[in-house]
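Student: requesting a structural model of the entry that follows:
(4 chains)
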Number of protein chains: 4
Amino acid sequence: MCGIVGAFSPSRATLAEDIYLGLYALQHRGQEAAGIAWTNEDGEIVCRKGPGLVHAALDQAEMSRVTCRSAVGHVRYATAGGSAACNIQPLTANTLARGSFAVAHNGNLPDAPAQRRVLERSGALFQSSSDTELILHLISHQPERPFPEALMQALGQVKGAYSLVFLHDDKLIAARDPWGFRPLALGRRGDITYVASESCAFDLLGAQMIRDLEPGEIVVIDESGCRSYMLPYASERKYHCAFEYVYFARPDSVIDGVSVYEARKNMGRALARSCMGTLCGSSALTSPLVTGLPDSGTIAALGFSEESGIPYESAIVRNRYSGRTFIEPTQRVRELGVLKKLNPMRQLIQGRDLIVIDDSIVRGTTSLKVARLLREHCGAKGVHMCVSSPPVAFPCFYGIDTPSRKELIAAQLHGDALRERLGVDSLFYLSREELVAAVGMEERHLCTACFDGKYMESPPACGCSRF
Amino acid sequence: MCGIVGAFSPSRATLAEDIYLGLYALQHRGQEAAGIAWTNEDGEIVCRKGPGLVHAALDQAEMSRVTCRSAVGHVRYATAGGSAACNIQPLTANTLARGSFAVAHNGNLPDAPAQRRVLERSGALFQSSSDTELILHLISHQPERPFPEALMQALGQVKGAYSLVFLHDDKLIAARDPWGFRPLALGRRGDITYVASESCAFDLLGAQMIRDLEPGEIVVIDESGCRSYMLPYASERKYHCAFEYVYFARPDSVIDGVSVYEARKNMGRALARSCMGTLCGSSALTSPLVTGLPDSGTIAALGFSEESGIPYESAIVRNRYSGRTFIEPTQRVRELGVLKKLNPMRQLIQGRDLIVIDDSIVRGTTSLKVARLLREHCGAKGVHMCVSSPPVAFPCFYGIDTPSRKELIAAQLHGDALRERLGVDSLFYLSREELVAAVGMEERHLCTACFDGKYMESPPACGCSRF
Amino acid sequence: MCGIVGAFSPSRATLAEDIYLGLYALQHRGQEAAGIAWTNEDGEIVCRKGPGLVHAALDQAEMSRVTCRSAVGHVRYATAGGSAACNIQPLTANTLARGSFAVAHNGNLPDAPAQRRVLERSGALFQSSSDTELILHLISHQPERPFPEALMQALGQVKGAYSLVFLHDDKLIAARDPWGFRPLALGRRGDITYVASESCAFDLLGAQMIRDLEPGEIVVIDESGCRSYMLPYASERKYHCAFEYVYFARPDSVIDGVSVYEARKNMGRALARSCMGTLCGSSALTSPLVTGLPDSGTIAALGFSEESGIPYESAIVRNRYSGRTFIEPTQRVRELGVLKKLNPMRQLIQGRDLIVIDDSIVRGTTSLKVARLLREHCGAKGVHMCVSSPPVAFPCFYGIDTPSRKELIAAQLHGDALRERLGVDSLFYLSREELVAAVGMEERHLCTACFDGKYMESPPACGCSRF
Amino acid sequence: MCGIVGAFSPSRATLAEDIYLGLYALQHRGQEAAGIAWTNEDGEIVCRKGPGLVHAALDQAEMSRVTCRSAVGHVRYATAGGSAACNIQPLTANTLARGSFAVAHNGNLPDAPAQRRVLERSGALFQSSSDTELILHLISHQPERPFPEALMQALGQVKGAYSLVFLHDDKLIAARDPWGFRPLALGRRGDITYVASESCAFDLLGAQMIRDLEPGEIVVIDESGCRSYMLPYASERKYHCAFEYVYFARPDSVIDGVSVYEARKNMGRALARSCMGTLCGSSALTSPLVTGLPDSGTIAALGFSEESGIPYESAIVRNRYSGRTFIEPTQRVRELGVLKKLNPMRQLIQGRDLIVIDDSIVRGTTSLKVARLLREHCGAKGVHMCVSSPPVAFPCFYGIDTPSRKELIAAQLHGDALRERLGVDSLFYLSREELVAAVGMEERHLCTACFDGKYMESPPACGCSRF
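Tutor: Numbering: from 1, shown residues only, chains lettered A, B, ... in the order given. Presented below is the predicted three-dimensional model:
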C-alpha cells in the first residue's frame, strides 16, 4: 500500500508544495518514507526523499520555494523490496539519450523477480530490490521508441497491480493497470491537472475531482492538454480491491464511484443485522454499548448502532500524541501494550457488555490485547468482537502488505478456537456476500482474494511471449 | 493550564521513566514544554527540560536509565511568564544550607507581581518571569525554618490557584490550594506513591487512584510514609474549575469525584433538551445529523444525539498527521485554514442540516472557519452550532490561558450579532445552571468565573499581614 | 578560563553578529559553552546560549539579523560551578524596579561560597552554582542605588579575579579587578566601542585596539561616550597571570603591552640556553631535531631551534578533523590514544633524537603518551622533553582550571622520578626567573602562583567589613 | 580526489569501525561525503553513506557494533558526477544471480560518457551520473563469467585513473590501473588485511604497510589468502601523480616508495636555491622571515628556511575552529575574507619582508587575499610568494578536481602580469625539472600533465576493440 500524486501546470507553479499537500492527504497510505520529484528549469529531474512521515522526509520550506511545471510524489508503505534507502520512491533514472525520468508506483508486480532474472541474464544492472524498477528497465530496453510508446510496451509485459505516475520530458504520465486493482483519479484546479490515489487529496488541494482513471488507461498530460490511451490488452473483468473500502482508504474519499464512508456504514449495518439475533439470544447483555476500534472501526460502529439500536459510545479514544513518544522499547513501555495508543474510558466500560467493531483481524495481536485491556484493566463484563469484513485468510499479492498464511490467524483457527484465542465472549464476521452488497459494486469486479483466495487467474490478453 | 506529576519510591526505581509516562498521559494539559527533575545518588537534583512535546523535550532513553527515589515533572501551557527557556519547569533552586529543591506548578498566582516587587525591594533577585518562582523566594526568606514548615508559611502568603509538587531532601511534597482550583490526586502502585494532575496518568502508570488531595492539603511523602497536613487558612467555599470538565481534562479522568466523560455527555443531553424545540420549530431541518468538533465536542455530541434522537455521524475527523507537517506558513498553507487539521466527509454532509457540537467558543475564529468549510467546501444546507457550555465572557486568572475580554468574542457580541459573525444558521449555548447540573457538583463549589465574572472575592483566612 | 566580549554602538547595528565574531576569535579560551545577550528595541534583554562551540551553541543566521545598541558574549571553560545549563553565561537577572541586566565573567572568586552562605541566611535564592551570580546578588541588595554605583559597591565586596562585561539600561559596562589577573581591553571601529578578553578579537572585528583596561577600572559606555572610574580600593601590586603568556592566550594577542608570540619565542630561547649544555654533554645526540607539541609548543620550539641551531621540523601535526569524530569511546578508539589527534611523521623521526617542546606539564598524561608514541610507534632513538615554563605544582584559584595538587604530577614527583614516570630520556623546565625575563614584565606584577604557590595574600584595601 | 579503504578478516571482526578509522585518516582526500559498505551474516551488502565529514556522514556507534569479514569505504571529493546523493560511494548493485556487490573508486575515467552512451543503446539503465557506475555495467554485461574474470574484462575496457576496492561474495578485491595514477597500498594487522589510498591509514589502524599495489595489479583477498593477478594490458610507462606529493597526500604517508614529507622539504630547498639569488639581489630585504601558507606550505617553508638561512616563523596560523562557524555568508562575514581561517601574527609581521611558501596556485584567489592581508592588515613591508611547484596551467583528467583552463590563473597570465594580479612583490615557481628531482622518481613515471599539458597519449596495449 502506498500513495501517489502527480501535477502538471502549463506555466511554472509551486507544484512541489502541491505534491507535499497531496502526500499529506494520503499519509494514511504509507508512513515509512516519502519523496517528491520535479523537473527543474534545465529539464533535469530533481528528487528529494527520506524515511518517515512527509514532514520528516521532506523539507516543507524547500518544497514551497520550488516552481516547476511537472512533479510527482510518493508515500511508501513497504511491500516488495526492503526498507533500504534505495527503495524509497520516486525512483529516478538517468539516460544520456532520452534524458531522465522519475516514477512513483502504488501496487505490486508478483512476476517481477522472474522477469528481472531474464533481464539480468542479458546484462541489466538493478539498483534496488523494488519491483517498480522492472518497469524502468523494460522501458530502457526499447531505446529507439518514444517514451509513451515504450511505456505501453513495457506495461504490456507486466502482470499485476499498478497505479503509476511518471515524469519525463516535463510531461506528467499516469497509468492504471487493466484490472483496476489500485485506485487512481484525475482532478483539476484552474489550469493545473492533478493525479492522485484518492479523491481526498483533491479536497485538500482545492481541486475538483474529474473522474477515476479507467482500468488500462494511460494519460499523458502536457502543455498541449491531456491525452488518453488504452492499453491494447484489456481485461473484461475488473479486480477493484475490496480492502480499500474496508480499511485502507480515507473515509472522505470516493473510489470508483463508491463513497468509502457510506460503504463502511453499510458494513456496520449489515453486521448488526446478521449478528444481533445470536448476540441477544445467547445471553442477557448488561447495558450493552457499541464502540469502534479507533480509528478504522468507528464508522462501521455507527452503522451497527443505528441498525441495532444499541447506543454508540466513544469508549476507546486514540491517543493523539503517541507518535514518537516511545522510541525506546523498555520493559516498562512494552508492558503498556495498547495502553500506549488507546485511552479506554474505564468509568464508562466497567460492568457492561461491549460490542467492539473492528474493520478486520489480520494477525489478531491487537484484538487480543484490546480484549484483555477492556476486561482486566477496565472491568468490562463481556467483550463481543464484531468484524466488518470476512476473515482474512489469504495473502494479498497486489499491494496490500498482508503477512503469509501462517501468520494470518483466521487461516489457522476457526470458530470457537479462534474466539477463544482472541479471548472474547463472541466473535462475528461479515460474510463475503454481505461485504460485496455493502460496497454496492458488481461482485465480479471486486477483488476479495484475501478473504476467499480467488486470485486473478488468466494472464492478460497481451500476446506477449514473456508470459 | 499545565500538568504535573510526582513519584516517590522507598527503594531506587526507574521513576524518571514513570514521570515521562505520566507526562505523556497529561500531554493534553500542555504542549509548549516539558521537564523532569529527580534526586540523584548524591542527593543533588538533576533536571532535564526543553521546548515541545514530551518526546521532543526529553530523551526517553536517558529517562529509562535513571533510577532514583523521588522525581517530579511538568508539561507547560504558557500562562504567566513568557515562553523563555528560564520559565520552563520544574524550576530548581540551589541553597548551600538547605540543599537544592525543585518545583512544578499548575495554576496561576494573580498577586505574584505585587509580592515580587516587595521582595525585590529587600534585595531578592529573580531568575524568571514565572509566578512560580515567588513561592521559592517566600521559602528562601525563612532560612531557619525546616522545609515543610517554610513551605506552609510561604503558601499562607499567596492567594491563587496552585497544585504543586516539590522535591526536597529526597522527599516528594504535594500541595493543593485551599480553593481547590486545579485538580491533584494521589495514586499507588506497589510501594510507589504517585501524585498527578489527573487520574488518567495513574491508568497509564498501572497505579490505583487513592483519592483527590483535599483543597488546602499538603502531603509529605518519604520512606517513613505519607503524612498529610492542612494549611491553617481553609476556605469554606471551593472553586473547582468548571472548564476542566467542559474542555480541559481528559474524558477518562475522574476529578473530585466526577467522571469527565459522564459530565460531558450530560452537557450534550442538556443542550439537546434546551435547544431542540427552537431548532426544530424554526424551520424544517433536511435530514439533520449531529456531529462534534473533534476531539473535544465528540462526547457532548453523543449525548445530544441520544437525547434528541437525531443520528450522530463522524462527519468531521481530526487529521492525525497534522502535527509538524506545516511548519512554514506559506500563502498556500494559510489558505487551507482548518482543512489542514480537519477532514470533513463531504459526501455525507452535502445538502444536509448539520448540528455541530463544540465545547466552547473563545475567540470564535475556529467556529467561523468550520462554518465556512461545512457550507462552502462541503455543501451543508444549514450549520447549527450548539455549544456545551455558556458563553466565555471573562478572562480566567486561575490558570486557564483565556485571552483578555477584548478578544473574547462572547464578551463583544451577543445574540444574532454573534450568530451572524460566526456565519451559522443557529447558535445555542448551555446556561450556567445547566452546566452546573451536568457536572453534578454543589453550585457554590464550582468556579464559573469565565462565564459569569464571579471571581473569588475575599482573601483567605490566613491572618497574614501581607494581604 | 573563559573569554568575554562586549559592544556598544550609538545607533543600532548588527552587534550580535560582532559578538559572534568576537567569541569565535576567543574560542580557544573556552569550548564548553557559549552565549550572547543583547538589548532589544523594548529595552529588554534577550539571551541565547547553549553547550559546545560558538557555532553549535548559537545560530549565526539569527545573530546576523539582530540589530541593537549593546551586546555582550561569553565562551565558557568550566571553572567554578558545574557544567549545568544554568551556569552557562551570560547570566541574566530580571528586576521589576530596575529592569533586567546581563553579565559575562572571566575569572574566579575564591570567596564566593562563603559570601553566598551569608546572603542565603538573609533569604537570597541562587539559581546557579556559578560564582558570578554572587555579584548579581550583591547588586540586587542595593536596590536604592543607581546601577554603576551599586556595581562599584558590589565589587568592593569581592576579592578575586574578574574581568566583567555588563549590559544594563542599554549601556555596556566593563570592569577589571584591582589585581589585573585576567586581561581585558578596549577597541574601536568607527563609532562602535568593543571590549574583549584579548586583542585578537579586535583584529577579526576590524577594530583598533585602544588600550588595556587598568586593573581596578570600570568603564561605562553609552551614547554620551565612554566614562572611566577607578574602584576606590586599589592594589599597589598587580597579579597579571603568567599562564596566559605560557599557554592560554592566542599568540597573535598583545596583553598588557606584551606580545604573546614574542614571549613564547623568548621562553624557547631561554630554554635552549639553559639546557643545551646538559643535553649535548650527557650523550651524543643522533641527528637531533626540535619539534613542538601542537599547537601550543610550536613557537617556543622555533625559539629553541633558533638559539640552539638544532633544526626545527614539523614532526607532529595536529589532525584537523579530530573534533567530533570519535564520540563513542570504544575499546578500539581508546587504544588509539594520542594518535587520534596527532599525526607523527614516522619516516622523519625514526632513529633520531627528538627534542620535544611542550608549554607546560599538568597531569602528565599527554606527555607520557607522546613519549611512548614517538619511541614505540615511530622509532625515535631518544625523547627529550623541554618545557617552556616551570613545573606546575600548585592549583590556580584565579580562573585557570588546574586540578588539585594531588593530580599535578610535578607536585608529586621531581627530578629523575618524574622523568622516569614520563618515560623520557631527558626532562628540562624553565626556571621562574627565566620565565619572568621572557615575558619581560616587572617580577612583582606577574602572578606565578601555580609555579611557586605564592598567592595574593592580603585583602584589598577596601575597608569592607565583609572581609 | 577521493580516499578508499578496504578490509578483510578470516573471522568476523569490527571491520566497519576499522574502515571508519581508515576514512578518518584519509579525510584530507575528501570532505564532501563518506560511506561504508560491509557484508552481513546473510551475505548481503549493507551500506551507510551521507554528506559531510566522516563523523557527520556515518554513525560511529553503529559502525563499532558491526562485525563482518569484509568491508570497504570511501571519502568523496566531487570529481565526475554531481554532488547528488546517488553519487555518494560505495555504489552498490544487486543481482539475482550473482548476489550484490559494492565498489569504491578513487580516480576518474575520461571515456566514461562515451562508453555509457554505447551501453544505453543496448538497454542499460544507469542510476547515477558517476563514472564509477560504468565499471559495474561492464561487469554486469558478462553475466556468465565469474566475478574476478568479469572485473578483469571490464577494466580492460576502460582507460583512465582508477584505484578500486570491491566487495563481492564476502571477498575484498582491490585493483589499480596500469598507469598507477592514484596510490593504493596493502597493509596487515594480525590476520586482517587492509587496502588503503595512503599508508597513513595503516599507521592509525595499527597495521604494517606491506607494499604498494603494482600498477595493473588486481588482488583478491578471502579466507584462502591473498591472490594477485596482473591485467593483461600493461603500460610500460607509469603516470604517478606529482600533485599527490605537492599538495594532496598527507605528509606522513609514503607513496610508491617516496616519503611525502621528504619530497616537500626537498621542494622547499630547491625553491630556495633557485630564487635566493634574485630575491636578495633585487633589493634589500628588511629582517626577512620565511613562513608557509597553512597547512600545506609549512614543510616546504622549513626546507626553504634551512637552505636559505632565513629564519622560519609560524607567522600565519590556521584557525582550528573555522569549520562550521560561518554557515551564513553575510556581508560582514564575506568581508572577513581569509581572516576567517587564518590568524596572522601582526606584531611579528609588521615592517618586515615576508617570504610566503605556498604549495601551488590554482585560481589565485587565496594568494591574492593573503597578500592583501599581510600588507594592509599586518603592515608587511614586502610579500614574496614562492610556490613549491610549477604553474598549474592545464586541467587534470585523472582525478584531481582542477578547474578549466579559463579559471587557472597561470594559464591566463604570466610573469609580471601574474605577479601584479596577485599583488605580490616577487613571485617564484619551482620548475618541472626541480619538482621531479625533489620527488626523486624517474621522470617518465611521474604525471605532470597539470603543469605541462603532457597527458597520457596512447591507449593501453589491451587489444580491446572498444578503444
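
Student: going forward, measure contacts between C-alpha atoms and count neighbours the same way
Tutor: OK.

Student: A:Asp177 and C:Gly99, how far apart?
Tutor: 71 Å (CA to CA, to the nearest Å).

Student: more neighbours: those two, which one.
Tutor: A:Asp177 (31 against 13; other CA atoms under 10 Å in any protein chain shown).

Student: if I pick the nearest residue to that one once chain neighbours are set aside, what's in contact with it?
Tutor: Spatial nearest neighbour of A:Asp177, excluding adjacent residues (CA to CA, 6 or more residues apart in numbering or on different chains): A:Gly216 at 4.9 Å. With contact set as CA atoms under 8 Å, 6 or more residues apart in numbering or on different chains, A:Gly216 has these partners: A:175-180, A:230-231, A:233-234.

Student: turn these into JSON lines, including secondary structure and pLDDT.
Tutor: Shown next, in JSON lines, are the contacts of A:Gly216 (DSSP: H, G, I helix; E, B strand; the rest coil; pLDDT from 0 to 100):
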{"residue": "A:Ala175", "secondary structure": "strand", "pLDDT": "98"}
{"residue": "A:Arg176", "secondary structure": "strand", "pLDDT": "98"}
{"residue": "A:Asp177", "secondary structure": "coil", "pLDDT": "97"}
{"residue": "A:Pro178", "secondary structure": "coil", "pLDDT": "96"}
{"residue": "A:Trp179", "secondary structure": "coil", "pLDDT": "96"}
{"residue": "A:Gly180", "secondary structure": "coil", "pLDDT": "97"}
{"residue": "A:Met230", "secondary structure": "strand", "pLDDT": "95"}
{"residue": "A:Leu231", "secondary structure": "coil", "pLDDT": "94"}
{"residue": "A:Tyr233", "secondary structure": "coil", "pLDDT": "84"}
{"residue": "A:Ala234", "secondary structure": "coil", "pLDDT": "84"}
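
Student: specify the local secondary structure of the residue in the stretch 201-350 of chain A that chain C sits nearest to.
Tutor: For the stretch 201-350 of chain A, the residue closest to chain C is A:Glu328, as judged by CA to the nearest CA, at 19.3 Å. Recorded secondary structure, A:Glu328: coil (DSSP: H, G, I helix; E, B strand; the rest coil).

Student: would you pull up the residue in the stretch 151-300 of chain A closest to chain D?
Tutor: A:Ala154 (12.8 Å).

Student: got a list of what that residue touches?
Tutor: A:135, A:138-139.

Student: again, but for A:Leu354
Tutor: A:Leu354 neighbours (CA under 8 Å, 6+ apart): A:288-291, A:380-384.

Student: that one should be in a strand, yeah?
Tutor: Yes - using three-state DSSP, the assignment for A:Leu354 is a strand.

Student: in stretch A:387-402, which residues are buried?
Tutor: Buried residues in stretch A:387-402, counted by 16 or more other CA atoms under 10 Å in any protein chain shown: A:387-402.

Student: what's A:Val383 in contact with, if anything?
Tutor: A:353-356, A:371, A:374-375, A:424-426.

Student: go again with 10 Å.
Tutor: A:288, A:352-356, A:370-372, A:374-375, A:423-427 (CA atoms under 10 Å, 6 or more residues apart in numbering or on different chains).

Student: that's a helix at it, yeah?
Tutor: No - A:Val383: not assigned to a helix; according to three-state DSSP it is strand.

Student: and it, bridged to which residues?
Tutor: A:Leu354 (DSSP bridges).

Student: ok, now which ones touch the residue of the stretch 201-350 of chain A closest to chain C?
Tutor: A:Glu328 neighbours (CA under 10 Å, 6+ apart): A:334, B:59-64.

Student: show me the residues you listed that map onto helices.
Tutor: A:334, B:60-64 (DSSP state H).

Student: filter those residues to the buried ones?
Tutor: In those, the ones that pass as buried (16+ other CA under 10 Å) are B:60, B:63-64.

Student: so which of the residues you listed are also by chain A?
Tutor: B:60, B:63-64 (CA under 10 Å from any CA of the partner chain).

Student: out of those residues, who's nearest B:Asn343?
Tutor: B:Gln60 (32.1 Å; CA to CA).

Student: am I right that the closest one is in contact with B:Ala16?
Tutor: Yes - with contact defined as CA atoms under 10 Å, B:Gln60 reaches B:Ala16; the gap is 9.1 Å.

Student: A:Glu307 and chain B, how far apart?
Tutor: Counting by CA to the nearest CA, to the nearest Å, the gap from A:Glu307 to chain B is 11 Å.

Student: for that residue, which non-adjacent residue is spatially closest?
Tutor: A:Arg269 (5.3 Å).

Student: could you do A:Glu306 as well?
Tutor: A:Glu306's closest residue in space is A:Arg269 (CA to CA, 6+ apart), at 7.2 Å.

Student: in which helix or strand would I find that neighbour?
Tutor: helix A:260-282 (DSSP states H and E).

Student: low-confidence ranges, the stretch 51-200 of chain A, go.
Tutor: Low-confidence regions of the stretch 51-200 of chain A, defined by pLDDT under 70, span residues A:78-84.

Student: so who does A:Ala185 touch?
Tutor: Contacts of A:Ala185 by CA under 10 Å, 6+ apart are A:5, A:163, A:174, A:176, A:194-199, A:201-202, A:209-214, A:254-256.

Student: over to A:Gly225: give its phi and psi.
Tutor: phi 120, psi -150 (degrees, to the nearest 10).

Student: what about it, how many neighbours?
Tutor: Neighbours around A:Gly225, by other CA under 10 Å: 12.

Student: show me what it is bridged to.
Tutor: According to DSSP bridges, beta-bridge pairing links A:Gly225 with A:Asp222.

Student: return stretch A:430-447 as PDB; C-alpha atoms alone will do.
Tutor: Once non-C-alpha atoms are left out, stretch A:430-447 reads as follows in PDB (Å, rounded to 0.1, in the frame of the first residue of the first chain):
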ATOM      1  CA  LEU A 430     -19.300 -10.200   7.900                       C
ATOM      2  CA  SER A 431     -19.800 -12.700   5.100                       C
ATOM      3  CA  ARG A 432     -18.200 -12.100   1.600                       C
ATOM      4  CA  GLU A 433     -21.700 -11.600   0.100                       C
ATOM      5  CA  GLU A 434     -22.600  -9.000   2.800                       C
ATOM      6  CA  LEU A 435     -19.400  -7.200   2.100                       C
ATOM      7  CA  VAL A 436     -20.000  -7.100  -1.600                       C
ATOM      8  CA  ALA A 437     -23.500  -5.800  -1.000                       C
ATOM      9  CA  ALA A 438     -22.300  -3.100   1.400                       C
ATOM     10  CA  VAL A 439     -19.800  -1.800  -1.200                       C
ATOM     11  CA  GLY A 440     -22.600  -1.900  -3.800                       C
ATOM     12  CA  MET A 441     -20.400  -2.900  -6.700                       C
ATOM     13  CA  GLU A 442     -20.900  -5.800  -9.200                       C
ATOM     14  CA  GLU A 443     -19.500  -8.900  -7.500                       C
ATOM     15  CA  ARG A 444     -17.200  -9.900 -10.300                       C
ATOM     16  CA  HIS A 445     -15.400  -6.600 -10.400                       C
ATOM     17  CA  LEU A 446     -14.400  -6.700  -6.700                       C
ATOM     18  CA  CYS A 447     -11.200  -8.400  -5.700                       C
END
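
Student: tell me the buried residues in it?
Tutor: Buried residues in stretch A:430-447 (16+ other CA under 10 Å): A:430-432, A:434-441, A:443, A:445-447.

Student: walk me through the domains of chain A.
Tutor: Chain A is divided into the following domains under automatic domain parsing: A:3-234, A:262-441.

Student: next one: the helix or strand the residue of the stretch 151-300 of chain A closest to chain D falls within to chain centre, how far?
Tutor: Using DSSP H and E, A:Ala154 sits within helix A:147-155. How far helix A:147-155 lies from its chain's middle: 25 Å, per CA atoms, centre = their mean, to the nearest Å.
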